[in-house]
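Asker: One predicted model, sequence on top.
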Amino acid sequence: MSDELVIGGKSFKSRLIVGTGRYRTMEDMVEAVEASGTEMITVAIRRLDLDDPGQKTLLDYIDWNKYQILPNTAGCATVEEAMFVARLGREVGKTDFVKLEVIPDPKYLFPDGAATLEAARLLVEEGFIVLPYVHADPTLAKKLQDAGCATVMPLGSAIGSGQGIHTIEEIKIIIEQATVPIVVDAGLAVPSDASLALELGADAVLVNSAIAQADTPALMAEAFKHGVEAGRKAYLAGRIGVRQYAAASSPTTDVPQPVPARS
Amino acid sequence: MSDELVIGGKSFKSRLIVGTGRYRTMEDMVEAVEASGTEMITVAIRRLDLDDPGQKTLLDYIDWNKYQILPNTAGCATVEEAMFVARLGREVGKTDFVKLEVIPDPKYLFPDGAATLEAARLLVEEGFIVLPYVHADPTLAKKLQDAGCATVMPLGSAIGSGQGIHTIEEIKIIIEQATVPIVVDAGLAVPSDASLALELGADAVLVNSAIAQADTPALMAEAFKHGVEAGRKAYLAGRIGVRQYAAASSPTTDVPQPVPARS
Amino acid sequence: MSDELVIGGKSFKSRLIVGTGRYRTMEDMVEAVEASGTEMITVAIRRLDLDDPGQKTLLDYIDWNKYQILPNTAGCATVEEAMFVARLGREVGKTDFVKLEVIPDPKYLFPDGAATLEAARLLVEEGFIVLPYVHADPTLAKKLQDAGCATVMPLGSAIGSGQGIHTIEEIKIIIEQATVPIVVDAGLAVPSDASLALELGADAVLVNSAIAQADTPALMAEAFKHGVEAGRKAYLAGRIGVRQYAAASSPTTDVPQPVPARS
Amino acid sequence: MSDELVIGGKSFKSRLIVGTGRYRTMEDMVEAVEASGTEMITVAIRRLDLDDPGQKTLLDYIDWNKYQILPNTAGCATVEEAMFVARLGREVGKTDFVKLEVIPDPKYLFPDGAATLEAARLLVEEGFIVLPYVHADPTLAKKLQDAGCATVMPLGSAIGSGQGIHTIEEIKIIIEQATVPIVVDAGLAVPSDASLALELGADAVLVNSAIAQADTPALMAEAFKHGVEAGRKAYLAGRIGVRQYAAASSPTTDVPQPVPARS
Amino acid sequence: MINLTVNGKPRSIEKSVQLEDYLLSFGVNLDHVAVGYNGEVIKKEEFPKVSLSDGDILEIVRPVGGG
Amino acid sequence: MINLTVNGKPRSIEKSVQLEDYLLSFGVNLDHVAVGYNGEVIKKEEFPKVSLSDGDILEIVRPVGGG
Amino acid sequence: MINLTVNGKPRSIEKSVQLEDYLLSFGVNLDHVAVGYNGEVIKKEEFPKVSLSDGDILEIVRPVGGG
Amino acid sequence: MINLTVNGKPRSIEKSVQLEDYLLSFGVNLDHVAVGYNGEVIKKEEFPKVSLSDGDILEIVRPVGGG
């Protein structure tokens, strides 16, 4: 059965997008990315240290031809900053894909919906394939897909908080009205979070801290790979409904009966 | 890394126990059992129809040498009935394993803890390997393991209800104090339920209705196989902690700054 | 102990704002409003039926001097419509208070955050005391309070859905960063929802459908009155913390011991 | 409307039972008990200090004629101990009421269901009015009411843990099948917990730590008084149902429309 | 003949009248309504000063139960 | 005439037979069933040693799908 | 010399006394306590009828704050 | 003397050079960086065509791990 995720005209077999930040070592990162089976990885764009310009970059560790690179605009608090970093990312990443983040709040790293929408419209005009990171606000999600975004990426909870998905109900509605793939991003801590998102009909998840900061990142990456597989297959297999009462899984008739020995 | 589940002295690679009831067809059942990768399946013991004694039984569909058979005492409301059915199951199943159920309540199929404990003690004396199905009551769980049960199987929610796991907090405590494998049984609806149970440290899950009644049982069985893999690997990989605030997954310094074009 | 809620320079003893819509009869409405002990009621602005211009209006049922009237902009999907209806409400309601709603989505009635923010800024400029109804988006909430809104009113769940508060985590953050009173609005179904909101530090709640559509509206209004009292007092009384283990509420020493009768 | 709670043939107007343990001072306790409006208070039975036999007891602080005294068997781990302490409590408390606790586990203070059932049967035979504290196990609850207990008191979470009610689903079922008053006990932390229990149809709640350990016990006691009132009234008022979609609380027609000024 | 749009429906009057008189002709209680006049909201005090002319668009509103 | 209760229903046989023969008379596959005899569960090896007599109560069971 | 166990601790008295007198000797308020005597709980009315003898085990209890 | 702002820090060069040469002077791998020039992002092909002049502001960036 072919079951592919299509974003910006590209097909992906894996529904797990992996972030490359917060690993203890680059080796951890490389192993985890491989173990995850992902086909798309996010990267951040930062200033080169001119006092050590030869230092290795992500490009020295990862074969960019093996993965769809998804440059992000993390660290940007305004539309202007996000536009600038998106354009830089396009050059260095050699891709039109961009994970759009406009985040004024350093404490919870919650995105600015209005600014994200404005930046998304401008980036779409410039031919970017825009994957915006936003609060799980169904009205905003609708406007973003109508604005030509390639996906909508509602958050589960605060980035890196490991709190899981607090926004189930909103995400269900976002999925219900979706015309583009929905990618649940941020806060996922364990594969059951990822599985749940896909069971509900989300098209993919983006995971970084849960893998990078696990005791054993590569093993956790594998766990998420299975979790995403599980969730997608369950969605396609059609889950049972919820019933108030029990339904016996063994026949309720023809139960053998003990008898008293004859007197 | 070898990571095996040991119950009653036998080792299992799969941590998914599958029930064989409620399938639409025997073909569905056989396919699902195979797709699940399970090594242990439950069966019920019922009267033979003497007006059609040649009718096929489970034994005609499934190779009992491939699986650990786990006869249950479903349908029994008293200690005496459960003892009798357990002994019949031992003969026909050619195994000492028994899934002990003592269930007086037909509406929610909730077990009778006191009666289950009494029956468990008697069956242990008779050399059975007892896997008791009980409410997620930590004190009862402790008494059952102290009584020599091979596992404790706390319920997530009503059998076949598809409500998932309502008893997370109790199950955490049961796991914390466990001296035998803990198998979460009943109510699981989707693989995220299974994954969650294993992430918390449960040793296995038992699933029947969620697979048997899914639109596509074999595919749902595969989904649960992945869910169990995901949960176990995540448990071994060591999940991240929960934090109140966000933790940036991209560096917060060296963010490139746009500048106004010179006038 | 004086513990007043101050909105737009006015002090209120009651922290329960009540809506006047969806009652089965006007008598139900009047009784419920009185039983609730509220000091602020919302009203909608609608066209007069010129074929029956003498028909009674809210003004014939309720003494507007007893309550702070809060005209809403329900039914408005755009900034322009909301501005127009707000201005009409100001004239007929003889108050600068306005409950700002900009809602393009008829299915879930979720507000448009960006449009609400834009309208809020314009209304503040015109001297309105603006109480905006928005999704529980902490970043948006911050912008609204910075824009001079008199409160922020995050939603618990869809209007009239009776689903309760799905947005606890977001609301906690909105409260944490609040510089104006936070009023939880929409979705509340039972007084425990209201109590919970105030226990978390919300300053008030707005309730309509839960009262209007209850079997006995006046009694439910009374129930909410108590719920709000309970929640506020609990907030001020300082709740106990959460601990993983138990803490005995009876002394654990000097327990009397039975003894065997002497032989 | 008369709405009384009847336990063991006695009528109570208050549905809040208050514990007298864990207060910082006896004055705190007295104030809180009064502020709570309770008519039934629990007490523990402990050895008198013979080196200071004149020390004040609860009896010096509280007028036992004003309250139904409910001696408990806290600290008892076996049936025998519980029977002995129950009998001592009957003498000193001059009442047949007893809160039955049989708790072998010191960490979570979870009760032993089977032992509690056995002790309950013996105490009922001896003419006690038995209020057993048990895990929220519907099958056990049924056996206790069938055994002649005056109430069943399922736990919400570990005693004094402040975790609230983890056992909602089980408690709903216990209420559904109840033939005696159901009193939710243990773990309640805030009045919304109490209100929720009563909204679901519980007949009363028992609260101790949440009041005794609050920053201001008397104020928290008042908060719980309101919470219980709120929950009971809401139960009687008949709550609205839950709907997936929104239901407008303002009319959706006759919305005034702005128009462009004529050119 | 003067054609108006009032609350979304066409209405006509013989000759121009003051807004206030027009409202009173319906028996409207002026204290209970607000009026939008060609997209502008006008205060009650202004009612006497506005004389209706062809093409005018009126929104005459009242408060109703709402949440 | 010997009257039995088999799986809850009355059945009768002309004269006493061995349990094993009785089972085989139904064409039952002995490897696929277990038997309760007056409340006792008896092993397959015992089948030939048990001869049925009046009033005996038999439970002849098989495994079926169950959870 | 009569040895008792009272509230878990050894105590002794010169010669046998009635339980009631023994309790009063401590200044105990009889209305505020209950007594376990060798595992039996005895009613207040019985106090005068019980005379303590060697090896008796007493539990003298009072109500305290509890939940 | 030409003063530049590069990655937020002041740097100076003797005389104007091409952007490309300037980058290479640091030993930068041109395939691994992108450059913002006075707020504009310029393509690699343009590097040789840009000669730096006084007051120019450069942002030289690379990809790093990010989520």
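Answerer: Alright, I've got the coordinates. Numbers count the residues shown, from 1 in each chain, chains lettered A, B, ... in the order given.
Asker: where along chain A do the strands fall?
Answerer: Taking DSSP state E as the criterion, chain A contains strands spanning A:5-7, A:10-12, A:16-19, A:40-47, A:68-71, A:97-100, A:129-134, A:153-154, A:183-185, A:204-207.
Asker: quick one: average confidence on the last one?
Answerer: Translated: strand A:204-207. What strand A:204-207 shows for mean pLDDT is 98.
Asker: my guess is A:Phe128 contacts A:Ala86, does it?
Answerer: Yes. If you go by Cβ atoms under 8 Å, A:Phe128 and A:Ala86 touch, sitting 6.4 Å apart. Where you see a C-beta, it was placed from the backbone N, CA and C, and this is true even at glycine.
Asker: who touches both of the two?
Answerer: Both A:Phe128 and A:Ala86 are contacted by A:Val98, under the criterion Cβ atoms under 8 Å, 6 or more residues apart in numbering or on different chains.
Asker: Surely A:Phe84 is in contact with A:Glu126?
Answerer: No. A:Phe84 is beyond contact range of A:Glu126, at 11.9 Å (criterion: Cβ under 8 Å).
Asker: If you count surrounding residues, which of the two has more?
Answerer: Higher neighbour count among A:Phe84 and A:Glu126: A:Phe84, with 24 against 13, using other Cβ atoms under 10 Å in any protein chain shown.
Asker: got the residues of chain E near chain C?
Answerer: E:6-9, E:11, E:26-28, E:31-36, E:39, E:41, E:43-44, E:59-67 (Cβ under 8 Å from any Cβ of the partner chain).
Asker: Now the residue nearest the centre of chain E: phi and psi?
Answerer: What sits nearest the mean C-alpha location of chain E, by Cα atoms, centre = their mean, is E:Leu58, with 4.8 Å. E:Leu58 adopts backbone torsions of phi -120, psi 140, taken as degrees, to the nearest 10.
Asker: what number of residues lie near A:Tyr67?
Answerer: Using other Cβ under 10 Å, A:Tyr67 has 17 other residues around it.
Asker: wait, E:Asp21
Answerer: 12.
Asker: Can you tell me the SS state at it?
Answerer: helix (DSSP: H, G, I helix; E, B strand; the rest coil).
Asker: if we can go back for a sec, of the residues of chain E next to chain C, grab the buried ones for PyMOL.
Answerer: Burial among the residues of chain E next to chain C is assessed by 16 or more other Cβ atoms under 10 Å in any protein chain shown; the matching PyMOL selection reads:
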select buried, chain E and resi 6+7+26+28+32+33+34+35+36+41+44+59+60+61+62+63+64+65+66+67
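Asker: Give me the subset of the residues of chain E next to chain C lying in strands.
Answerer: E:6, E:9, E:11, E:34-36, E:41, E:59-65.
Asker: Hmm, E:Asn3 and E:Gly55 touching each other?
Answerer: Yes. At 6.6 Å, E:Gly55 counts as touching E:Asn3 under the criterion of Cβ under 8 Å.
Asker: Return the residues in contact with A:Leu123.
Answerer: By Cβ under 8 Å, 6+ apart, the neighbours of A:Leu123 are A:Met83, A:Ala86, A:Val98, A:Leu100, A:Val130.
Asker: Format those as CSV; extra columns: distance to chain E, pLDDT and neighbour count.
Answerer: As requested, the contacts of A:Leu123 are arranged in CSV below (distance: Cβ to the nearest Cβ, whole Å; pLDDT from 0 to 100; neighbours: other Cβ atoms under 10 Å in any protein chain shown):
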residue, distance to chain E, pLDDT, neighbour count
A:Met83, 36, 96, 22
A:Ala86, 40, 97, 27
A:Val98, 41, 98, 29
A:Leu100, 36, 98, 28
A:Val130, 37, 98, 27
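Asker: Check those against chain C and report the nearest one.
Answerer: A:Leu100 (14.7 Å; Cβ to the nearest Cβ).
Asker: Surely that closest one is in contact with A:Leu131?
Answerer: Yes. Here A:Leu100 reaches A:Leu131: they are 6.6 Å apart, a contact under Cβ under 8 Å.
Asker: tally of neighbours for A:Gly9?
Answerer: A:Gly9 - counted by other Cβ under 10 Å - has 8 other residues nearby.
Asker: Contacts only, for it.
Answerer: A:Gly9 neighbours (Cβ under 8 Å, 6+ apart): A:Ile129.
Asker: In space, what's closest to A:Leu236 - neighbours in sequence excluded?
Answerer: Residue nearest to A:Leu236 in three dimensions, not counting chain neighbours: B:Leu219, with 6.2 Å by Cβ to Cβ, 6 or more residues apart in numbering or on different chains.
Asker: again, but for A:Gly89
Answerer: Counting by Cβ to Cβ, 6+ apart, the residue nearest A:Gly89 is A:Pro71, at 2.9 Å.
Asker: That neighbour and chain F: what is the separation?
Answerer: 50 Å (Cβ to the nearest Cβ, to the nearest Å).
Asker: now do A:Ala120
Answerer: Counting by Cβ to the nearest Cβ - A:Ala120 and chain F are separated by 49 Å.
Asker: again, but for E:Leu24
Answerer: Distance from E:Leu24 to chain F, by Cβ to the nearest Cβ: 78 Å.
Asker: Could you export the contacts of A:Leu123 as TSV, including distance to C:Tyr67?
Answerer: Formatted as TSV, the contacts of A:Leu123 follow (distance: Cβ to Cβ, whole Å):
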residue	distance to C:Tyr67
A:Met83	49
A:Ala86	51
A:Val98	51
A:Leu100	46
A:Val130	48
